[in-house]
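**Q** Fold the following, please.
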Amino acid sequence: MAAAKRISDEPAYVLHSYDWSESSLILEVFCRRQGRVALVAKGAKKPSSNFRPVLLPLQPLLLTYSLAGDGAGDIHTLKGAEWVGGHVMPTGDALLSGLYLNELLLRLLARADAHTGLFDVYAGVVRVLASEHGDALEPVLRSFELLLLRDLGLLPTLDAETATLATLRPEGRYTLVAEGGLRMASQADRASLSGSQWRALQKALDEAASYTATLRACAPVSAELKPQLRAVLQYHCGSPVLRTRQLMMDLQSL
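**A** Sure thing, here's the model as predicted:
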């Protein structure tokens, strides 16, 4: 009988885990080369398990797992997990923000669809969340949302009106909507950006170092960008409302 094929030393992050049996877990992980993968971690709930202290969200890992059957199975078997180190677990608002990003990836990424560049961006964002991030938190989140939408083909070009393809006027006000892309803003719109601001975002996205450039471009417009991107993301995630977002709203109302 042929030995099961293995994926070894794969950079990954745990997005979510849930009980599979009294002693085991099912993990949803985001791998650099393999994309989103489901793994069973046998015995991971046992106090003596080597997996128990390692399989945490927002921590950089190297995973080894064997492919189910001919490799086409949905759930593979975890064989090894090593913490790479480098930063501590985010706390407070940064922790909630990281769990929000994890929920976006769970909702929007297809299984076994690699997004190497997005993985590297996510790893950079997690490092910021675990640091003394200060005022960088909101721009970091907005830049990740933009890059996620772009990678999935869900972001329209940001230097022209979507319906007419007309170039944005620098002084005009435009809003991003889920079903119509970029359009002229009306008085009913909660948030909008100027044409020059949208064009600056598109220019940043087009740069080779798009994460760094987009982060800089998002910094002055994060507050206006936030409700627009959140509405687009929620539209593509479908119902219900993202659990982490609902938790944030509930905490803000206390």
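**Q** which element follows the helix or strand containing Val125 toward the C-terminus?
**A** Taking DSSP states H and E as the definition, Val125 sits inside helix 116-129. Helices and strands here follow DSSP H and E; after helix 116-129, the next one along the chain is helix 137-151.
**Q** For that next one, name the packing helices and strands.
**A** Packing partners of helix 137-151 (3 or more Cβ pairs under 8 Å, 6 or more residues apart in numbering; DSSP states H and E): helix 92-108, helix 116-129, helix 195-206, helix 210-218, helix 222-237. The way it works is simple: take the backbone N, C-alpha and C, and place the C-beta from them, glycine included.
**Q** ok, then the element right after it?
**A** Beyond helix 137-151 on the C-terminal side, the first helix or strand identified by DSSP H and E is strand 173-177.
**Q** Show me what that following strand pairs with in its sheet, parallel or antiparallel.
**A** strand 181-184 (antiparallel), strand 193-194 (antiparallel) (DSSP bridges).
**Q** most tightly surrounded among those?
**A** The highest mean neighbour count among the strands paired with strand 173-177, using mean count of other Cβ atoms under 10 Å, belongs to strand 193-194: a mean of 21.
**Q** and Leu229, what does it touch?
**A** If a contact means Cβ atoms under 8 Å, 6 or more residues apart in numbering, then Leu229 has 142, 145-146, 149, 176 as its contacts.
**Q** Figure out how far the helix holding Val125 is from the centre of its chain.
**A** What separates the centre of helix 116-129 from the centre of its chain is 8 Å, taken as Cα atoms, centre = their mean, to the nearest Å.
**Q** returning to what we had before: how about the helices and strands packed on helix 137-151 in TSV, adding mean pLDDT?
**A** TSV is the format used below for the helices and strands packed on helix 137-151 (pLDDT from 0 to 100):
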stretch	mean pLDDT
helix 92-108	94
helix 116-129	96
helix 195-206	98
helix 210-218	95
helix 222-237	95
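**Q** Noted, bye for now.
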